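Asker: curious how this folds, go ahead:
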Amino acid sequence: MSGVPQRLSRRARLAEAAGSWRAALRIARREAKRARGRTALILAMIILPVLALTFVAVSVEMARLTPAERLDRRLGVADAELRVVGNGPARQSADGDAWESYDSETVAEQVSAEEIRALLPPGSRVLPITRWLPFPAWDGQRFQNGITASAVDLTDPLGRGLVRVHAGRVPAGPDEIVVNPAARRRLGADLGDRVTAGDTGRSWTVVGVVELPDELGPAVILHPDGAPPPEIYGGTVFLADLPGPITEDLFRHLNRNGVVVTARAPAPPAVGFSPSPSWSLDAEEVGTSVLVAGLGLLEVVLLVGPAFAVGVRRRRRELALVAVAGGDAAQLRRVVLADGVVLGCVGAATGIALGVIAAFAGRPLMEQFVFQHRFGGYRVWPAALIVIALVAVLAGVLAALAPAWTAARQDVVAGLAGRRTPPRHSRRWLITGVLLAAGGAGVAALGAVVTSQSVILAGLVVGEFGLVCATPTLVGLLARLGRILPLAPRIALRDASRNRSSASPAISAVMAAVAASVALGLLLASEQARIAEGHLPGLPSHSLLITVADPADPKAPTLAAIPEAARQHLGAEAVAPLVEADCRSPSELCLVTARMPAERACPWRADEPLSAADRRRARADARCQGPADNHVTTYPRTIVDDGSALPIITGAAPDEVAAARATLQAGGAVLTDRRYLVDGQLKLGVERDAEKPVSDADTVAVPGHVLDTGLGTQWLLLSPAAAERLGLTARQTGWAFSVNEPAERHQHDQFYAATRSLGELLVDTAGNWGSGDSTPLLLLLAGVSAVVTIGAAGIATGLAAAEGRADLSTLAAVGAGPGVRRLLSLCQAGVIAVLGSALGIIAGFAATVIILLFTNQRYADSWPIQPPYPLVIPWLTLGLLVVVPLVAMLGAALFTRSRLPVERRLD
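Answerer: Now for the predicted structure:
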């Protein structure tokens, strides 16, 4: 019988807990209605991330097509799609998306529709279709890339269902073309206009505007008779209309002939095989995603926490009455935690509802500009929405957790009297915070050594949590400085110290956002500087080369027409012919190379693994310094020059140019790698067989000169006499130009437009426009930090103003002017924004230094030698982060009412 009382006791405890939670939830609902301003603030901060996550989850679910939807778009009204994958037998998966060909050779020649039709039952119809053809074109004055083309006869009944006609008709001849809305906007082409190809100069008439459900990016459709040969770009698939169902025998017959079938009815199990999954769950990606989500959750908790802390202080008397009525510490915690549960549930429901509505309303924009294909339908992702709702409730509970523990420890007598309980702070939080910060730094350093992004991020999360734990103590220490400050900042620091439960989370939220922005900005700037150091420009900044794409083409442009257009549109000044060394026979292979003395070559290859001892010796060897490209056989870009093009393509100083020109006039050669020059001589050879290296007997010694250009391209300039000794001929392929200023993109567009009739030309410059520019991303990071800083400062300042009405009334009673309140708000915002930003900058900078230090330490023993990550400070980001606290302070002062409240009686 002893078990019966225990069961009754457990049931009684469960019933008591259920009743306590029921009462706490009713109290929380009533409090939410009474404090509507604070409730709206908390709900807004919970709803916004829930809305964003719901929008993304629902959009992804709508974008995910079912197998039936994919087949409908792929097949149209056809029964199957046939793809030739080899000259011999093949095996395929049930859906035809994966296959195995028994012959490793590619299809030797394009298969015709008649050959495919011969493999099918009598009465079958076949429609060839070629997808994903590149289609460079002109939009009038500009050369446009990134447009895809398909070649299919849409007048065939099998072509119905592949496109949706918006205007006009489908192409019926080789000179007609249809565009989709994106290509129509890109090319500025309307019905009846001509579209000109950028590579061949051929033009078509636009006869219709159509939409391809699977390609909302710029795309065009050509008639097969007017499309480029498919063998240039890839194979052709065939849509088939069969007189009956696809049988197992037909599957086997087609597979034996190297044809893979994609049909509405999958291949029988006896025919198809199960391919290995094309994707696997990456633990690194999962860990990184979880940690990023955890950082976002922590940010929400830190922003919402001050509102719950202020709510607890405003309800001191109510909570004291609960304690007097017999409520224990657990019940007091439940009363406060119930606030988080209620507001988390309301925020989750509201955010999910708004997110679903926004996803449904924004479907056309997401289809066009993000996913670039039509969605399958309006649907939601229930599992993801449930997880999002649980995370929202968890955020509310975690935000209320610290205030709940504070409420359970308050003095009941002080609460009944309406007095504040002096905050009690233990050194254990400071010690815990310091230990966590140090441990996080160690984990981040370990992640840098083992090259694990998730481990690095875990270290940053742990270190950030440690700083959050130590922030209240730091606020208390700074409050002691208030004794020497004027009235307003002294009150602001005192309030922050007295109300650490609300001030510390706001400071920590600013610190977290700023630290992440600074760390990512520093890492991004260092990565960009490292890439720039390893990728040198191929030409001087004030030089450009214009060459013919295919000089052997009989339709190649005449070079005499190029210089004038370059002068007019590219600002070209000095000009010299660009003459390349060529073989005497068009079918012959000839690659000019220089012979390096064996004693100057690195004895270890950069593309082979080395033992630890050999790596140390290789790194210490002076011959093995520099990038990996220096340790393998390279073929410099070779031209034949008498010295006229030399200053343009090398950018050398006048005295160096004079010495190099003298060498060329003496029948020698100029090289940009000093290791090849021995006693003023260069040994040159011509590689005519890829499998037979050049021997010493086949080399020719010529006078040599070396130019240190600092460029990424290795140049070899042969004099006409040296080219003759090597058995080479000279052929002009373009021009070398010097310009006052590097040409902008619009100048290049004007040049291309002016030389359209001359054929395809190639323009080489020192670099492209805006490549690797991290400024937009740095500004985005700074913008996110600015929003969090201003928001946290505004929230904390508003809550402090609501909490400090008694102090403001006292100031008014003793004769303080209206401007005092504005100054006080400015100082309160400054405590949050300045302290949080300062801690964030220090934490972000320290974390980045640790990561870069240990990453470079790992590279210190690598082979081939890797350039270290430099510490580059993104001054633009730091400048914005320094200005943001001032903006927050000024905003708090401007939006605060200057009139101080005067009350006869304060309860």
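Asker: could you list the low-confidence segments of the stretch 751-900 of the chain?
Answerer: Applying pLDDT under 70 to the stretch 751-900 of the chain flags the ranges 759, 767-775, 777-778, 781, 799-808, 816-817, 897-900.
Asker: before we move on, what about the stretch 551-700 of the chain?
Answerer: If you take pLDDT under 70 as the line, the stretch 551-700 of the chain has these spans: 551-560, 584-587, 606-608, 626-634, 689-691, 693-697.
Asker: pop the domain breakdown of this structure in here.
Answerer: Annotated domains of the chain cover 1-74+286-419, 75-263, 426-533+774-907, 543-604+616-764 [automatic domain parsing].
Asker: just put those domains in CSV and tack on distance to residue 273 and mean neighbour count.
Answerer: In this view, the C-beta of every residue, glycine as well, is placed from N, C-alpha and C. Converted to CSV, the domains of the chain look like this (distance: least, CB to CB, whole Å; neighbours: other CB atoms under 10 Å):
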stretch, distance to residue 273, mean neighbour count
domain 1-74+286-419, 18, 18
domain 75-263, 6, 18
domain 426-533+774-907, 35, 19
domain 543-604+616-764, 38, 17
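Asker: output these as CSV; include the columns distance to residue 272.
Answerer: Output for the domains of the chain, formatted as CSV (distance: least, CB to CB, whole Å):
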stretch, distance to residue 272
domain 1-74+286-419, 14
domain 75-263, 4
domain 426-533+774-907, 37
domain 543-604+616-764, 42
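Asker: which of these sits closest to residue 271?
Answerer: Closest to residue 271 of the domains of the chain, according to CB to CB: domain 75-263, at 4.6 Å.
Asker: what mean pLDDT does the closest one have?
Answerer: Domain 75-263 shows an average pLDDT of 85 in the prediction.
Asker: equivalent analysis for stretch 465-482, please.
Answerer: 83.
Asker: in the protein, which helix is the longest?
Answerer: helix 819-859 (DSSP state H).
Asker: elements contacting that helix?
Answerer: helix 427-450, helix 453-479, helix 487-498, helix 500-534, helix 775-803, helix 805-813, helix 875-894 (3 or more CB pairs under 8 Å, 6 or more residues apart in numbering; DSSP states H and E).
Asker: now do the strands in the stretch 51-200 of the chain.
Answerer: 80-84, 90-92, 99-101, 125-134, 137-138, 143-144, 148-152, 164-168, 176-179, 194-197 (DSSP state E, counting those that start in this stretch).
Asker: partner strands of the fifth one, parallel or antiparallel?
Answerer: When you say that, I think you mean strand 137-138. strand 143-144 (antiparallel), strand 194-197 (antiparallel) (DSSP bridges).
Asker: got a markdown table for these, with distance to residue 317 too?
Answerer: Below are these laid out as a markdown table (distance: least, CB to CB, whole Å):
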| stretch | distance to residue 317 |
| --- | --- |
| strand 143-144 | 71 |
| strand 194-197 | 78 |
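Asker: nearest to residue 57, out of these?
Answerer: Evaluated with CB to CB, those place strand 143-144 nearest to residue 57, the distance being 35.0 Å.
Asker: contact partners of that closest one?
Answerer: With contacts defined as CB atoms under 8 Å, 6 or more residues apart in numbering, strand 143-144 is touched by 136-138, 186-187, 198, 218, 749, 752-753.
Asker: adding distance to residue 851, write those residues out as CSV.
Answerer: As requested, these are exported to CSV (distance: CB to CB, whole Å):
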residue, distance to residue 851
136, 42
137, 46
138, 47
186, 42
187, 46
198, 45
218, 40
749, 42
752, 44
753, 48
